[in-house]
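K.L.:
Kindly return the folded structure for what I paste below:
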Amino acid sequence: MKDLTQNNRLQIDERINQIQEAFEQRMALSIAHDMKFSSALDRFRALAFAIRDELIKKWLKTQDSYYRKNPKRIYYFSLEYLIGRTLSNALINLDLADVVEKAMDNLGYSLEDISEIEGDAGLGNGGLGRLAACFLDSMATLELPAFGYGIRYEFGMFEQKIEKLRQQEYPDNWLRFGTPWEIARTEKRYRVHFGGKINSYRDKDGHTHSKWVDTDTVIAMGYDIPIPGYKTETVNTLKLWAASSTREFNLQTFNAGDYIGAIINKSQSETISKVLYPNDNNYEGKELRLKQQYFMVSASLQDILDRLSKSGNTISELPEKAAIQLNDTHPSIAIPELMRILLDENGMSWDEAWGITTRTFAYTNHTVLPEALEAWPVPLIESVLPRHLQIIFEINQRFLDLVAAIFPGDFDRRARMSIIEEGEPQNVRMAHLAIVGTFSVNGVAELHSRLLREGIFRDFFEMFPERFNNKTNGITPRRWLRQANPALSRLITSKIGDAWTKDLFELKKLETFADDEAFIEEWQGVKKQNKERLAEIIWNHCHIRVDTDSIFDVQIKRIHEYKRQLLNIFHVITLYNRIKAGHTENLVPRTVIFSGKAPPGYYMAKKIIHLICSVANLVNRDRSIGNLLKVIFMPNYSVSLAERIFPGSDLSEQISTAGMEASGTGNMKFALNGALTLGTLDGANIEILEEVGEENIFIFGNTAEELIRIKKAGYVPAEYYDKDPELRQIIDQIRSGFFSPNDPTTFMPIFNALYKGTGRYYIMADYRDYITCQERISGAFQDQIDWHRKAILNVARMGKFSTDRVIDEYSREIWRVKPCPVG
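P.N.:
Have a look, this model is predicted:
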């Protein structure tokens, strides 16, 4: 601020005073507390309400502008939004961070301390939900007329605790103190129907129509959250739906004397939005999951069509006024739902309705794993959504007729492409429905998109090649660099200006400083500062002291076998065994950090966490190991925890089985914060390699094509066990109970999966190359100047991986939606 003109200083001082006054007013009138007796939560809520007022002013102008201009709009359907904390992000996007920090300082408070009070809105499981949140940020920043739709889960992703070295799940009641960011839209509610039966009738012209009757009804009420763009006037909307019963309770049941029954009926209605992703290992869990998906899309489509009507457009104009993006298959039940609305409620012919539907929806696929593609049992859909099942069968029949016309006599192809999978029971393949019922199908990294075209969706690509395209994922630099790493952001801005926050390709200018020793020293100082901060967080979370001069070797992501946390812990065990054997001559101290949650019903993932924590318990208590090796499992991974870990990381573990990770965005967040990548040629790792250069990244392991050849030749894990003594020692330790002396057989399922099973994640096949690559990394880390030079070049070449670039591609190439500046 030293270089600002006197006039600018006066404007800033006035703005600071306005924020102070708004804070004090909100403390008195909204919180109803005296400043002297306010709690930390009171101060957060008062500031949040004051900032929300700033958002609402722009929000109202944005919505007014959209209604006046009536542009084509983007509607993003996602069952997950991993939002994280809102206050800090809102301050950055409103360009108020420095002003508010000074205002709070004047009042004797710390903005950082106030921000720490806010809990995470963890309405997602991982990358898919975080991507959705980043996309909304970029849509607003690019001034695109966009809406997000999802569910207001009362309980988000569970709270994870490590007890007796195992994951334990507890409810994440993120709304226990309420949230200041949402506006309840009590005046606009929509009815969502389930069950019932179908009545068919003929009109006077002899046409058959269907009517869905005798349904159970749930009410959807929207809660709007403002989504500000960065330094724009645009504030878009994320609308999250909450379920309630049609009445407080069923009066007939109540009057019959069954008060408890009446309350249970009401409670069952509201269960739909109670919890993020129930455990669907049983029928009740599957039914609730399906109801959640339909609840969200039904309410959202009603809201879209209501807005369309208010804007003076007819339902036939929907494709010209709306592009609906399906974030994975979870919302794909929207396709038969829109068909039902057009057919049953608007009396359209099948061809007219299908034309509107297939020109409105687009589909993003997020997985190449066949078992991860959603499939719903036909009896379940028949029970919950009987009319939709009729429509799905009709879609399928017409589609298969088309397949038969294009590929006559190819009955195997018909069976492969059918939306209905034959079996006992039959299943509805939702990915097939999503491909057939949309105009665009995109993958999220070049390799992923190619594997879709050449692998699981090859038949569909051969039939609809024009539908398939790639949109490599990205991240928002506002949250993942500007907010997460303020020290590095300041250093970068001091050299190249702050245009990078809106155009990440501006970081390319940092290449000029990659050989500047003074800049490298400053860079190294920032990394050291961030590592010291992370070390304190580790102490506070895990009560373990770590050496900040060691390699901070980090793998933080959802726990899954294909993400291969097992391979990482095998390296840890290798180092442990070498240290215990006295082989420490070339060993560079390491702090290996894990964090991530295992789905409650995923047995093997929870076993992997148990093994990691058991190894950590052994290593960290062994005084002979000292600071040569520490193993940390940080519980309750979240967006806000990730924001602290990325800046302090030296090494980014992106070691999934080649061909199984769709994209990954953690790899981008690490690289943007100056960590070097250790990875397989999988997902977006390949494109990061292309951008940063092979000399600035560590690649190992078999490629997707090589693994296919290994599988065809017959993968025999025992061969790797027999020829590699270090690998054999690890496998024997796991089998013998070395890491679980009180329960020697507890890790036998891991042994059986690796040694006796199919070994489909190829851990043993990639082990030796992984260990060799880790040795290269240890050697490289000892040359700190060159290490940080590589880190600078990584950051400088991350321009491609901004969600601003991704959303620009979506808007031009898929949605055909133009920016609509407020005014």
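
K.L.:
other SSEs contacting the helix or strand hosting Thr217?
P.N.:
Assigned by DSSP states H and E, Thr217 belongs to strand 216-228. Helices and strands touching strand 216-228, by 3 or more C-beta pairs under 8 Å, 6 or more residues apart in numbering; DSSP states H and E, are helix 40-69, helix 127-141, strand 183-194, strand 235-245, helix 259-270, helix 283-310. Any C-beta I mention is one placed from the backbone N, CA and C, and that applies to glycine too.

K.L.:
winner for burial among those?
P.N.:
Among the helices and strands packed on strand 216-228, ranked by average contacts under mean count of other C-beta atoms under 10 Å, first place goes to helix 127-141 (a mean of 25).

K.L.:
hey, C-alpha coordinates of it in CSV?
P.N.:
C-alpha atoms of helix 127-141 as CSV (Å, rounded to 0.1, in the frame of the first residue of the first chain):
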residue,chain,number,x,y,z
GLY,A,127,-12.0,-35.1,-6.5
LEU,A,128,-15.4,-35.1,-8.2
GLY,A,129,-17.0,-32.9,-5.6
ARG,A,130,-14.0,-30.6,-5.3
LEU,A,131,-13.9,-30.2,-9.1
ALA,A,132,-17.6,-29.2,-9.0
ALA,A,133,-16.7,-26.4,-6.5
CYS,A,134,-13.8,-25.2,-8.6
PHE,A,135,-16.0,-25.2,-11.7
LEU,A,136,-18.5,-22.9,-10.0
ASP,A,137,-15.7,-20.5,-9.0
SER,A,138,-14.4,-20.3,-12.6
MET,A,139,-17.9,-20.0,-14.1
ALA,A,140,-18.5,-16.9,-12.0
THR,A,141,-15.0,-15.6,-12.7
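
K.L.:
Please name every helix or strand in contact with it.
P.N.:
strand 73-77, strand 81-84, helix 87-93, strand 146-151, strand 216-228, strand 235-245, strand 322-327, helix 803-809.

K.L.:
Give me the buried positions along whatever helix or strand comes next after the third one.
P.N.:
The one in question is helix 87-93. Downstream of helix 87-93, the first helix or strand assigned by DSSP H and E is helix 97-106. Buried residues in helix 97-106, counted by 16 or more other C-beta atoms under 10 Å: 97, 99-104.

K.L.:
between those, which is closest to Ile699?
P.N.:
Proximity of these to Ile699 (C-beta to C-beta) peaks at Ala97, which lies at 37.6 Å.

K.L.:
hang on, isn't the closest one packed against Asn89?
P.N.:
No - with contact defined as C-beta atoms under 8 Å, Ala97 does not count as touching Asn89 (9.8 Å).

K.L.:
Where does Pro635 sit: helix, strand or coil?
P.N.:
Secondary structure for Pro635, judged by DSSP: H, G, I helix; E, B strand; the rest coil, is coil.

K.L.:
Let me know the pLDDT of it.
P.N.:
Per-residue confidence (pLDDT) for Pro635: 97.

K.L.:
Let me see the contact set for it.
P.N.:
Applying C-beta atoms under 8 Å, 6 or more residues apart in numbering, one finds that Pro635 lies in contact with 160-162, 541, 595.

K.L.:
burial count for the residue lying closest to Ile645 once chain neighbours are set aside?
P.N.:
In space, Ile645 comes closest to Ile556 once its chain neighbours are excluded; the distance is 5.7 Å by C-beta to C-beta, 6 or more residues apart in numbering. Counted by other C-beta atoms under 10 Å, the residues lying close to Ile556 total 20.

K.L.:
what's the pLDDT at Ile556?
P.N.:
97.

K.L.:
and if you look at Arg812?
P.N.:
Arg812 carries a pLDDT value of 98.

K.L.:
wait, is it part of a helix?
P.N.:
Yes - assessed with three-state DSSP, Arg812 lies in a helix.

K.L.:
neighbours around it, how many?
P.N.:
There are 11 residues near Arg812, going by other C-beta under 10 Å.

K.L.:
Also Glu159?
P.N.:
Neighbourhood size, Glu159 [other C-beta under 10 Å]: 18.

K.L.:
between Ala97 and Asn89, what contacts are shared?
P.N.:
Common neighbours of Ala97 and Asn89 (C-beta under 8 Å, 6+ apart) do not exist.

K.L.:
What does the pLDDT read for the nearest residue to Trp174 once chain neighbours are set aside?
P.N.:
Among residues not flanking Trp174 along the chain, Gly156 sits closest, at 4.9 Å (C-beta to C-beta, 6+ apart). Looking at Gly156, its pLDDT is 91.

K.L.:
Now do Gly156 against Pro741, distance only.
P.N.:
37 Å (C-beta to C-beta, to the nearest Å).

K.L.:
any idea how far Glu561 is from Leu385?
P.N.:
33 Å.

K.L.:
Look at those two and report which has more neighbours.
P.N.:
Applying other C-beta under 10 Å to Glu561 and Leu385 shows that Leu385 carries more neighbours, namely 28 against 20.

K.L.:
Give me the buried positions along the strand holding Thr217.
P.N.:
216, 218-228.

K.L.:
Filter the contacts of Pro635 down to the buried ones, PyMOL style.
P.N.:
Selection of the buried residues among those in PyMOL, burial being defined by 16+ other C-beta under 10 Å:
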select buried, resi 160+162+541+595
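
K.L.:
Next, give me the two most distant ones among the contacts of Pro635.
P.N.:
Lys161 and Ser595 (13.0 Å).

K.L.:
ok so, going back, ok, the strand holding Thr217: who's next to it in the sheet?
P.N.:
Sheet pairing of strand 216-228 (DSSP bridges) gives strand 183-194 (antiparallel), strand 235-245 (antiparallel).

K.L.:
and the angle for the shortest one with helix 127-141?
P.N.:
It stands for strand 235-245. Relative orientation of strand 235-245 versus helix 127-141 (axes from the mean of the first three to the mean of the last three C-alpha atoms, to 10 degrees): 130 degrees.

K.L.:
now strand 235-245 against helix 40-69, angle please.
P.N.:
110 degrees.

K.L.:
Could you give the average pLDDT over strand 235-245?
P.N.:
pLDDT averaged over strand 235-245 gives 96.

K.L.:
what do you get for the longest one?
P.N.:
Along strand 183-194, the predicted confidence averages to a pLDDT of 95.

K.L.:
In the stretch 651-800 of the chain, what residue spans correspond to strands?
P.N.:
651-654, 676-679, 698-699 (DSSP state E, counting those that start in this stretch).

K.L.:
can I get those in a markdown table with distance to Ala323?
P.N.:
As requested, the strands of the stretch 651-800 of the chain are exported to a markdown table (distance: least, C-beta to C-beta, whole Å):
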| stretch | distance to Ala323 |
| --- | --- |
| strand 651-654 | 32 |
| strand 676-679 | 34 |
| strand 698-699 | 37 |
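
K.L.:
can you redo these as CSV with mean neighbour count?
P.N.:
As requested, those are exported to CSV (neighbours: other C-beta atoms under 10 Å):
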stretch, mean neighbour count
strand 651-654, 27
strand 676-679, 25
strand 698-699, 18
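
K.L.:
Just put the ones you listed in TSV and tack on distance to Ile537 and mean pLDDT.
P.N.:
Formatted as TSV, these follow (distance: least, C-beta to C-beta, whole Å; pLDDT from 0 to 100):
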stretch	distance to Ile537	mean pLDDT
strand 651-654	18	98
strand 676-679	21	98
strand 698-699	26	98
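
K.L.:
quick one: contacts for the residue nearest to Trp174?
P.N.:
120-124, 172, 174, 276.

K.L.:
Confirm Pro200 sits in a strand?
P.N.:
If you look again at residue 200, you'll see it is Ser, not Pro. Yes - per three-state DSSP, Ser200 lies within a strand segment.

K.L.:
Glu462 - how many residues pack around it?
P.N.:
13.

K.L.:
what's the distance between it and Asp410?
P.N.:
11 Å.

K.L.:
returning to what we had before: now, among the buried residues of helix 97-106, which is nearest to Met764?
P.N.:
Ala97 (49.1 Å).

K.L.:
State the distance from the closest residue in space to that closest one that isn't next to it in sequence to Ala323.
P.N.:
Once flanking residues are discounted, Ala97 sits nearest to Leu91: 4.3 Å by C-beta to C-beta, 6+ apart. Noted for Leu91: a distance of 31 Å to Ala323, by C-beta to C-beta.
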